[in-house]
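S.K.: Sharing a model that was predicted from the sequence below.
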Amino acid sequence: MREAVDSILNQTYKNLEILLIDDGSTDETREVINEYSKKDSRIVPVYNETNLGLIRTLNKGVELATGEYIARMDADDISALNRMEVLHDYFLLHPDTDVVSAAYYYLDTNSKVIRKAYPKATLSTALHFVSFFCTPVNHPCVMAKAQVFKENKYDEIFIHSEDYELFSRLLNKGYKFVNLSEPLYYLRINPESVSHRFEQIQISTHMRISVHNIENYYRKNFDYFLHKVMVNRISFDVPFDLMKAAIDTLDRLRDEFIANEKADANVLAEINDFLIEQKIDIYLQTLKSSRWFRKPLVLQYILANINVFLSKRGRQYFRLKFNYLSAAEKDKTLMAP
């Protein structure tokens, strides 16, 4: 927690109201907040007498915030020292923007950088398409106009995927998003985090949101297992025909979206880059999850579409993904009892 707080106190942009919220913790969090609040007048200590949970606490923080913009971060992570300045300045230069996030780095449990994570897309229209399948922005790094957060609260129904639901809802309403390519955040990979401990609940909630988003935009409802493959929530033996149908469906949804939105070449390029990553994940996860007698056909199909891996985005993504998995596995091994 101290690393997180220090990274905010030492920001190059100083005009901050800093809400440190203790959600009814039983550790030393309250004492640490008290300590920091005595040192810096910008800190507003907030104590939940009982544990409200993340979503209610986020909404409480939004209600208490008095600034023109609201940014957030998690207690395990670290902000780049220029994060607030860069995001704030972007709003000043682009007042029509509503939500800004950025690229980030993954940290292991020892605060060592594992890899850089590039945004799925940077342009708002492309991010709208991304939101049909996954969270369009890095939630902990977000800064938004305060009015946007105050008028659109996190929905408690979507536990462990509240960010995905909120940001896809905002994009569907027409709010303008931007992802910056400059890394401004360090996201810690923690085997004890909520996303790891409640993975199955998160997957189920994620699927509900994605199904709703696609139904809402396209007025289409797909087979449940086809949809699971499209969003790469693969934990079952995937028949070859199902994998191919998912890939083909992604391309059809792209074409229909581009036509509907009258999107320009820049948006199309970003959507195509996103789909390259999505397809690589589907190929690799299908190959991993399929039964042995299906693997040769899947591998043959991958080789027939090797251009996906050999594209600039594909090479970049595959290299970073391989390095990340190798580092994560090493960190997991080191932590094993």
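M.R.: Received, thanks. Numbering: from 1, shown residues only.
S.K.: Then Q202 would be within a helix, right?
M.R.: Yes: under DSSP: H, G, I helix; E, B strand; the rest coil, Q202 sits within a helix.
S.K.: And it, what's its pLDDT?
M.R.: With respect to pLDDT, Q202 scores 84.
S.K.: give me the number of residues near Y224?
M.R.: 9 (other CB atoms under 10 Å). Every residue, glycine included, has its C-beta placed from N, CA and C.
S.K.: ok, now F236?
M.R.: Count around F236 with other CB under 10 Å applied: 12.
S.K.: swap in L16?
M.R.: 16.
S.K.: I'd say it and R42 touch.
M.R.: Yes: contact status for L16 versus R42: in contact at 5.4 Å, counting by CB atoms under 8 Å.
S.K.: buried stuff in stretch 207-214?
M.R.: Of all the residues in stretch 207-214, those buried under the rule 16 or more other CB atoms under 10 Å are M207, I209, S210, V211, H212, N213, I214.
S.K.: Can you tell me the closest non-neighbouring residue to the last one?
M.R.: Think I214. F132 (5.2 Å; CB to CB, 6 or more residues apart in numbering).
S.K.: neighbours around that neighbour, how many?
M.R.: Neighbours of F132 (other CB under 10 Å): 25.
S.K.: Please apply the same query to N272.
M.R.: As a burial measure, N272 scores 15 neighbours (other CB under 10 Å).
S.K.: I78 now?
M.R.: With other CB under 10 Å as criterion, I78 counts 21.
S.K.: ok, for M243, nearest residue in space, not its chain neighbours?
M.R.: T286 is the one closest to M243 (CB to CB, 6+ apart), at 4.7 Å.
S.K.: Helix or strand: which one has that neighbour?
M.R.: Per DSSP states H and E: T286 is located in helix 265-289.
S.K.: List the buried residues for that helix?
M.R.: 267-268, 270-271, 273-280, 282-287, 289.
S.K.: repeat for stretch 17-32
M.R.: Using 16+ other CB under 10 Å as the test for burial, stretch 17-32 gives I18, L19, L20, I21, D22, D23, S25, T29, V32.
S.K.: Of these, which pair is most distant in space?
M.R.: The distance between the two most remote of those (CB to CB) is 17.7 Å, for I18 and S25.
S.K.: where exactly do the helices run in the stretch 151-300 of the chain?
M.R.: 162-173, 194-197, 199-218, 224-230, 240-261, 265-289, 295-304 (DSSP state H, counting those that start in this stretch).
S.K.: Out of those, flag the one nearest L123.
M.R.: With CB to CB as the measure, helix 265-289 is the member of these nearest L123 (5.6 Å).
S.K.: Return the list of helices and strands in contact with the closest one.
M.R.: helix 124-130, helix 224-230, helix 240-261, helix 295-304, helix 307-310, helix 312-335 (3 or more CB pairs under 8 Å, 6 or more residues apart in numbering; DSSP states H and E).
S.K.: can I assume S25 sits in a strand?
M.R.: No: counting by three-state DSSP, S25 is not part of a strand but coil.
S.K.: Over to it: give its phi and psi.
M.R.: Main-chain torsions, S25, degrees, to the nearest 10: phi -70, psi 160.
S.K.: Spatially, what comes nearest to it if we skip its sequence neighbours?
M.R.: Nearest residue to S25 in three dimensions, chain neighbours excluded: N51, at 7.9 Å (CB to CB, 6+ apart).
S.K.: just V142 next, same as before
M.R.: Of all residues not flanking V142 in the chain, S101 sits nearest, at 4.8 Å (CB to CB, 6+ apart).
S.K.: what are the pairing partners of the one helix or strand that neighbour maps to, and which direction each?
M.R.: Element membership of S101 [criterion: DSSP H and E] is strand 99-107. In the sheet, strand 99-107 lines up against strand 113-117 (antiparallel), strand 143-145 (antiparallel), strand 177-188 (parallel) (DSSP bridges).
S.K.: Could you check the angle it makes with helix 162-173?
M.R.: 150 degrees (axes from the mean of the first three to the mean of the last three CA atoms, to 10 degrees).
S.K.: Next, the buried residues of strand 99-107.
M.R.: For strand 99-107, by 16+ other CB under 10 Å, it's V99, V100, S101, A102, A103, Y104, Y105, Y106, L107.
S.K.: can you pull the contacts of the closest residue in space to M1 that isn't next to it in sequence?
M.R.: Distances taken as CB to CB, 6+ apart place A75 nearest to M1, at 4.6 Å, with adjacent residues excluded. Shown in contact with A75 (CB atoms under 8 Å, 6 or more residues apart in numbering): M1, A4, T29.
S.K.: As a markdown table, those residues with pLDDT and distance to R315 would be great.
M.R.: Putting the contacts of A75 into a markdown table (pLDDT from 0 to 100; distance: CB to CB, whole Å) gives the following:
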| residue | pLDDT | distance to R315 |
| --- | --- | --- |
| M1 | 81 | 38 |
| A4 | 92 | 34 |
| T29 | 84 | 43 |
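S.K.: right, and out of the residues you listed, which lies closest to N232?
M.R.: A4 (29.8 Å).
S.K.: Phi and psi next, for the closest residue to the closest one other than its chain neighbours.
M.R.: For A4, ignoring the flanking residues on the chain, the nearest one in space by CB to CB, 6+ apart is A75 at 5.1 Å. Dihedral angles phi and psi of A75 (degrees, to the nearest 10) take the values phi -70, psi -20.
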